[in-house]
Each structure stands twice: as C-alpha cells, then as structure tokens.
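Participant: A predicted structure for the sequence below; I have some questions about it.
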Amino acid sequence: MEMPTPDAAILAKKAQIVARLQSVLPNGAVISDAAQTKAYECDALSAYRCPPLCAVLPTDTAEVSAVLKICHDMGVPVVPRGAGTSLAGGALPTADSVILGVARMSDVLETDYDNRIIRVQSGRTNLSVTGAVEEEGFFYAPDPSSQLACAIAGNIAMNSGGAHCLKYGVTTNNLLGVVMVLMDGSVVEVGGAHLDAGGLDFLGLICGSEGQLGVVTEATLKILPKPEGARPVLIGFDSNEVAGACVSDIIKAGVLPVAIEFMDRPCIEATEAFAHAGYPECEALLIVEVEGSDAEIDAQLKVITGIARRHKPVELRESKSEEESAKIWLGRKSAFGAMGQINDYMCLDGTIPVTELPYVLRRIGELSIEYGLGVGNVFHAGDGNMHPLILYDANKPGDLEKCEAFGADVLRLCVEVGGCLTGEHGVGVEKRDLMVDQFNAVDLEAQLRVKDVFDPKWLLNPAKVFPLDASVSRRAGQ
Ligand SMILES: Cc1cc2nc3c(=O)[nH]c(=O)nc-3n(C[C@H](O)[C@H](O)[C@H](O)COP(=O)(O)OP(=O)(O)OC[C@H]3O[C@@H](n4cnc5c(N)ncnc54)[C@H](O)[C@@H]3O)c2cc1C
C-alpha cells in the first residue's frame, strides 16, 4: 500500500510547527517526542504504520479551531483521530501530518429526556453515551462491536453501524447535529436538536465523510427508550450457504428482528474458546434477536423459527435468561478479538443485497482455496454487511500482498452483485484504490469537487478515500 512522499519542507519546519501548536494548547497537549508519537503510528489496521510529525490533544472546539488555523497557515496536513479503532486505516498518519486526537473531549454537554437527545463532545466513547442515560431508561442505538473504545467522532466519520442497526439504523439515522471546525479554523454548526434541518442535507454529507471535510467536535444524538424486553435465538446450520439463504428468507418475510448476526465455523470455534458463550457445534451460526413485550417476542420468534426449520437447522435454541442472552452477545462482540488471538487478519467490510449471501459466501470459500489463505466470516447478515476476516502471516514475506489481492477480489465481487465497497468501516486507505471499481470518472470527480469546497488546500486526512493519484494531484494543483 503506497503513501505519498512526505513534504520535506514540512519535515524541516517541525520545531516551528510544534512551537506554534504549543502556544495555543495547554501543557502536555502537544506530543512530538519520537517515542511517544509511535503510539499514533497506526489504527486497528495495523498492517500499515507511519509515525506522524506530532500529535495534539485539544480539549474543546476553540482549541481545535486554533490548531487548524495554524496548520492551514503553515500548509501542514491534519489527520483527525478518535480512538484509532478504524479497520480501514482511516486514522493512519503521514510522516508530515499532525494527528488531531479528540480523546480529551469526552464531556456530556446536555441531556434532554423530554426531547430524547444528548449533546456530547465528539471524543466520548460510544458505550459511555448509553452509560450517561441508561439510569433514566434510555440508550444510544448504534452499537459497533468496538463500542467500549471507539469515539462518537469516529462513528460519525465512518457512519458506523453494529449488530442492532438492522432495526435502528446506523449513525446517520441517529445523528441530529454537529459542531465542526473547517480546515481554515472556522466553526460551523449543522443540524441541531430537531429532526431535520432546512436547506441541503449537509449533515448527511458530513456523516461518513471520513475526516475529509472538517473536524467534528460536538454531536447531538438521538436517544431511545430501552425496549421492554429482548430475546436472541441461536440457529445452527451445516453450511454457510444454507444459513445465508435462511437470512434472505427472514428478511423477505417482513418480520424485523433487531439483529441477525452470522458466524462461520472458524469464528464460532475461536469465539467459543475465548468467551465461552455456549455456541453450538456447527458450520454456520445465526444469532437472531427480537424485541418487545413477551407476547410480541413470542409472535416474532414463531415466524422466524418457522422459517429456520424449513432450512433444516442442526440446532435451534432460544435464550432462557438475561444471563444467557448477555453471554451470547459477549461472544459475538468478542469475535474480532478472539480471531486476533489466533492469527493476523485483515477485516473486510463489503455490503451486498441479502439475496446474494449464499452466492457470495460460496465464492469467498472458493477464493480462499485459490489464494491459499484461510478466511473466517462474522458479520451483520440482516443488512448484508459482510466482514470476511482474511487470515495471513504478517511475518511471512508476500503474505500481506496476497491477502490484499484476495481482499480486493472479494470487494469487487460485492460491487459486481449490486453491493458496495463498505458497509460501516469506511474506505480509508484500505479501499481507496478500489473506488474506481465502484464509481466512474464523472462520479469520482463530483466527490473530489465536494472536498475542494470544504478543504481547498487538500490538507485534511491525506491519501484516504480517493484513489491516491487523484488526491495527490489535487493537492499538488492547489
Ligand atoms: C474489534 C473491532 C470491532 C469493530 N466493530 C465495528 C462494528 O461493529 N461496526 C462498525 O461500524 N465499525 C466497527 N469497527 C471499526 C471502528 O471501530 C469504527 O470505524 C469506529 O467508528 C472508529 O471510531 P474511532 O473513534 O476509533 O475512529 P478512528 O479510528 O480514530 O478514526 C476513524 C476515522 O474517523 C476520522 N475522525 C476521527 N475523529 C474525527 C473527528 N473529530 N472529525 C472528523 N473525522 C474524524 C479519522 O480521520 C478516520 O478517518 C470495529 C473495530 C474493531 C477494532
């Protein structure tokens, strides 16, 4: 994976840049020592690494604005960073860039239960948003498996989803407004504590823009009353394809489970060894959860288990208690970590129409044999949001490149069957050069022009999202 050549003039000005940043930030908020900047050299796509010029940790919008103004004046690229859990290399620095981390911006600014909103600084972690309102019986719906660590800032930038987004939607469906600082330091407010803002849907544009348009410092989020009850059911099958067909039939039937999650044998085994969730012995497992009163849950599960039985499951087990349900979900949410304990892997994130699940799962199995690399599948099946985990050996020469080529073939396959390159993890550096497989030149030019408007000097989050040659020439042309 190629990155642009660092700008020697910026590297030569490091001391000046650091001094100016120190002059507008509290003590200890500028990190420039090589040993300490190493902590920011990668995100969760750890195959790619590069320490930044320096990192800054502001505490509010005014400080973010001061930092961006300086970087804008001095022509220094800036990489916004939440918790660094991106699986697409979204927060990967370049050697000549400043990492702008929002980890110290984690306050709750307002809760309004009557209007069901919470306003937070963007560095607040996803799970702690629910933590702030759960005593009053509310929760924040988007639930990435990384929710203990990832920040609302990153969730907005990647338009993140999670297991329960089948019913509640992803970040964009739960975001009402942001405060954002543009690259020149100016502060804009978009949306607010109401359902829809007048004018163009700028909020829709910002959510999912991967740190290309501005630095989000505050967010107004919807909170929802907790459901009366919820119950997952485990459905085991003797093949991936049959499990995929069952998902498609559940969606077609018009029942709306809150979640339909899929795991294949490698992920079931790794997760069971790690989290002891009580998963059955089978080739493919679905976790289907429904919500509501007991009567509503029973009625929905009757339809779902009826559909599942037509696919001859090897196991069909409803959770009997809250403890059992918690264990089932702990397993699912630990799956990526459990796989990471046994192998290096690259996690893909393509989305396909659910009817294509059986075909795409079969093709992934065939590609795994062709490339000679193992693969595990664990994903949000109800949304058709696939996460093949391609296993490789980081210490074996050539294995990463083989893994990249395998991954590119899978993502092209997603586009071919009518899906797209990313469901929730974003494009980052991982998929930027595949954008030409999804968009034609006219489509891409339109997206580049949007970036031109928000960030005319092309300083924000360089070398991400757009094919490298396009973003490098755009920046050079300024
Ligand atoms: C184990 C594991 C499980 C995961 N499960 C899921 C899942 O279920 N669903 C899902 O959607 N994702 C998942 N992810 C991916 C990741 O957690 C999400 O993409 C998350 O939203 C990233 O948040 P972050 O705060 O870590 O952002 P970072 O990794 O720090 O950054 C992500 C992107 O956001 C940009 N950014 C950060 N802060 C700002 C800001 N203030 N303003 C503008 N742009 C900004 C960065 O430049 C970068 O492009 C998982 C990751 C891991 C490691």
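Facilitator: Everything's here; your move.
Participant: which bits of the stretch 301-450 of the chain sit near the ligand?
Facilitator: By the rule CB under 6 Å from any ligand atom, the part of the stretch 301-450 of the chain lying against the ligand is Phe336, Gly337, Glu424, His425. To be clear about C-beta, it is placed using only N, CA and C from the backbone, and glycine gets the same treatment.
Participant: Most neighbours of all those, which one?
Facilitator: Using other CB atoms under 10 Å as the neighbour criterion, His425 leads those with 28 neighbours.
Participant: Widest-spaced pair of the residues of the stretch 301-450 of the chain next to the ligand?
Facilitator: Within these, Gly337 and Glu424 form the most distant pair, 17.5 Å apart (CB to CB).
Participant: What is the burial count for the closest residue in space to Val436 that isn't next to it in sequence?
Facilitator: Sequence neighbours aside, Pro467 is the residue nearest to Val436 in space, at 6.0 Å (criterion: CB to CB, 6 or more residues apart in numbering). Counted by other CB under 10 Å, the residues lying close to Pro467 total 16.
Participant: Could you do Pro266 as well?
Facilitator: Pro266: 18 surrounding residues under other CB under 10 Å.
Participant: and what of the one 5 residues further on?
Facilitator: A count of nearby residues for Thr271, using other CB under 10 Å, gives 26.
Participant: packing partners for the helix or strand where it lies?
Facilitator: Assessed by DSSP states H and E, Thr271 sits inside helix 265-275. Helix 265-275 makes packing contacts with helix 322-342, strand 375-380 when contacts are defined by 3 or more CB pairs under 8 Å, 6 or more residues apart in numbering; DSSP states H and E.
Participant: ranking these by burial, who's on top?
Facilitator: strand 375-380 (a mean of 26; mean count of other CB atoms under 10 Å).
Participant: Show me which positions of stretch 256-263 end up buried.
Facilitator: By 16 or more other CB atoms under 10 Å, the buried positions in stretch 256-263 come out as Pro257, Val258, Ala259, Ile260, Glu261, Phe262, Met263.
Participant: Please list all residues in contact with the residue nearest to Val436.
Facilitator: By CB atoms under 8 Å, 6 or more residues apart in numbering, the contact set of Pro467 is Arg432, Asp433, Met435, Val436, Leu444.
Participant: how about the second one, secondary structure?
Facilitator: Under the three-state scheme (DSSP: H, G, I helix; E, B strand; the rest coil), the conformation of Asp433 reads as helix.
Participant: Tell me where the stretch 151-300 of the chain has helices.
Facilitator: Using DSSP state H, counting those that start in this stretch, the helices of the stretch 151-300 of the chain run over residues 152-158, 165-168, 202-206, 240-253, 265-275, 294-310.
Participant: pLDDT weak spots in the stretch 101-250 of the chain?
Facilitator: Nowhere does the stretch 101-250 of the chain drop to pLDDT under 70.
Participant: give me that answer again for 80
Facilitator: 195-198 (pLDDT under 80).
Participant: Quick check, the residue in it closest to the ligand?
Facilitator: Nearest residue of the stretch 101-250 of the chain to the ligand: Gly154, at 2.0 Å (CB to the nearest ligand atom).
Participant: how near is the closest residue to that residue other than its chain neighbours to the ligand?
Facilitator: Closest residue in space to Gly154, ignoring its immediate chain neighbours: Gly82 at 3.3 Å, by CB to CB, 6+ apart. From Gly82 across to the ligand, the span is 2 Å (CB to the nearest ligand atom, to the nearest Å).
Participant: residues near Thr5, how many?
Facilitator: If we define neighbours as other CB under 10 Å, then Thr5 has 10 of them.
Participant: Just the pLDDT for it.
Facilitator: The model reports Thr5 with a pLDDT of 92.
Participant: Measure how buried the closest residue to Cys207 other than its chain neighbours is and give me the count.
Facilitator: The shortest distance from Cys207 to any non-neighbouring residue, by CB to CB, 6+ apart, is to Thr172 (4.3 Å). For Thr172, the count of nearby residues is 18 (other CB under 10 Å).
Participant: Quick check: Thr172 vs Leu221, distance?
Facilitator: Counting by CB to CB, to the nearest Å, the separation of Thr172 from Leu221 is 11 Å.
Participant: Next, count neighbours for the closest residue to Cys71 other than its chain neighbours.
Facilitator: Leaving aside its chain neighbours, Cys71 sits nearest to Val78 (5.1 Å; criterion: CB to CB, 6+ apart). By other CB under 10 Å, 26 other residues sit near Val78.
Participant: Val78 and the ligand, how far apart?
Facilitator: The separation that Val78 has from the ligand, given CB to the nearest ligand atom, amounts to 9 Å.
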